[in-house]
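Asker: let me see the structure of the following:
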Amino acid sequence: MVKKLLHTRYRVADLEKTVAFYKDVLGLKELRRHTSGRGSQLVFLKAPESVGPDLTHLAFEVDDLEKFAREAAAKGYPLSDGPHQSSGGSKIAFIDAPEGYEIELIQRGRDL
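Answerer: Numbers count the residues shown, from 1 in each chain. Down below sits the predicted model:
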C-alpha cells in the first residue's frame, strides 16, 4: 500500500494566469518547469515552509512498485503508464482512479 502523500497536481486551462495567481497572490515560488512524457506542461511551485515542491497531482510513495502494480491489477486497476526508471534510481508509474485522475506512484531509489 501507499506510504505517504508526496505532492498534488491540477490541470488548468490557462497555465500562465494560474501560475501568476499562485506566485503573485499566494506568494509561492516557482521552482522549475518541465514537459512530462505525456506532453503535459508542468510547473513546480512551493510554499515557503512546505516540504513538497509540486502542487499539481496526487503522488504517493510505495515500497515496492512491482508488487503494488500486481495487487492493483488484481483489483481491476492496472498501471496506465510505466514503470519508468528515473536518473536518480527511483521507479515511477501512474494508475488511473475511477474518475479518470492520474495517481503517480514512486518507489524511491536506494540513493534517496
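Asker: for the rest of this, base every contact and every neighbour count on C-alpha atoms.
Answerer: OK.
Asker: chain center to stretch 3-15: distance?
Answerer: From the chain centre to the centre of stretch 3-15 is a distance of 7 Å (C-alpha atoms, centre = their mean, to the nearest Å).
Asker: the protein: helices as residue ranges?
Answerer: 15-20, 65-74 (DSSP state H).
Asker: okay, those in a markdown table with mean pLDDT next?
Answerer: Below are these laid out as a markdown table (pLDDT from 0 to 100):
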| stretch | mean pLDDT |
| --- | --- |
| helix 15-20 | 88 |
| helix 65-74 | 92 |
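Asker: mean neighbour count, those: which tops it?
Answerer: Each of the helices of the chain was scored by mean neighbour count; the highest is helix 65-74, a mean of 15, by mean count of other C-alpha atoms under 10 Å.
Asker: ok, and what's touching it?
Answerer: Residues outside helix 65-74 that contact it (C-alpha atoms under 8 Å, 6 or more residues apart in numbering): 1, 62, 78-79, 83, 91, 93, 105-107.
Asker: do the same with stretch 102-112
Answerer: Taking C-alpha under 8 Å, 6+ apart as the rule, stretch 102-112 contacts 57-65, 88-97.
Asker: so where's this structure uncertain?
Answerer: 2, 5, 25-26, 49-57, 98-101, 110-112 (pLDDT under 70).
Asker: apply 80 and report the result again.
Answerer: Along the chain, the model assigns pLDDT under 80 to residues 1-10, 21-22, 25-28, 37-38, 46-58, 97-102, 110-112.
Asker: grab the most central residue of it for me.
Answerer: Ala59 (4.2 Å; C-alpha atoms, centre = their mean).
Asker: quick check, that one in contact with Ala93.
Answerer: No - counting by C-alpha atoms under 8 Å, Ala59 does not reach Ala93; the two are 9.8 Å apart.
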